[in-house]
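J.: quick one: sequence and predicted model below, then my questions.
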Amino acid sequence: MASDLDFTGKTVLVTGSGRNIGRAVILEFAARGANVVINARDTDTDRAEAEEVRSEAEKHGVGALVVLGDAADRDTVARFKEASEQHFGRVDIYVSNAMHRMYRESFFDTTDEDWHYYLNQQLTASWYLAKAFVPAMRDAGWGRIIHMNGPNAWTGSWAAAPISSGKAGLHALTKSLASGLGQYGITVNDVNPGFVDVTRDSGLDDSTAMRRAATEQMAIKRVILPDEVAWTCAVLSSERSGAITGTVINIDGGRAVSH
């Protein structure tokens, strides 16, 4: 039914939502009536992108708020909470999608600083979000939490051990939260995109060869679109998805990994 994906009156927060998947998720929910909280890092470029997303969201007649800062910083997440509650009352749905710069270094070249940075980006940020927003969801008896994960959580990566380890830990956090929060009407799931058509960091843009190799391994023989990931987030957040929790939804074009 059409009303199943009507989020009028709900508030959705998406970290890392100035571009790419996060932007698509914000606009998907805004188009379906939700108030949205947009997050990006506090740089001139990121600020401009976030403001553009806010302008696009507001065209749907919903409330839109930009909160800048790094979701891996506890004080920043506290500001997310304060600003969201001041403007919209509470956050009903959040998508932990904090973006990070790409990383490709072998174990031997990975420093302790690299380890802690990426572990914080992939895992600690989601812990801070849960501590900030879950209590109000519990009190309301309803909530939806989505962690944006990735194939490296299951396959590992020699060239990105800190990211892979953080993603694997994130899945464990998803399972842990789901096991205790279901009784309060809160679901917690991983969305696991494959090779998505996004803008990546300078110097690490997708080459033609890389894209060809990725698409050849997928049944659909094309890259995945951010809107397709956003649609999945909306479905997982609907009322009729209340029995889906603690699981992984692969959006990989037919190249599923074992989990």
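T.: Now that the structure is in, tell me what you want to look at. Source: prediction; values computed, not measured. Numbering: from 1, shown residues only.
J.: which residues of the protein fall in strands?
T.: 11-14, 35-40, 64-68, 93-96, 143-148, 186-193, 248-251 (DSSP state E).
J.: in JSON lines: those, plus mean neighbour count and distance to residue 76.
T.: From N, CA and C alone the C-beta is placed, and that goes for glycine too. What follows is those, written out as JSON lines (neighbours: other C-beta atoms under 10 Å; distance: least, C-beta to C-beta, whole Å):
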{"stretch": "strand 11-14", "mean neighbour count": "28", "distance to residue 76": "12"}
{"stretch": "strand 35-40", "mean neighbour count": "27", "distance to residue 76": "9"}
{"stretch": "strand 64-68", "mean neighbour count": "20", "distance to residue 76": "8"}
{"stretch": "strand 93-96", "mean neighbour count": "27", "distance to residue 76": "13"}
{"stretch": "strand 143-148", "mean neighbour count": "26", "distance to residue 76": "18"}
{"stretch": "strand 186-193", "mean neighbour count": "24", "distance to residue 76": "22"}
{"stretch": "strand 248-251", "mean neighbour count": "18", "distance to residue 76": "27"}
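J.: out of those strands, which is closest to residue 169?
T.: Among the strands of the chain, strand 143-148 comes nearest to residue 169, with 10.5 Å by C-beta to C-beta.
J.: list the neighbouring strands of the closest one plus their orientation.
T.: strand 93-96 (parallel), strand 186-193 (parallel) (DSSP bridges).
J.: pull the residues that contact the first one.
T.: Outside of strand 93-96, the residues that reach it under the criterion C-beta atoms under 8 Å, 6 or more residues apart in numbering are 7, 10-15, 17, 22, 25, 29, 34, 71, 125-126, 129, 133, 143-148, 170, 233, 237.
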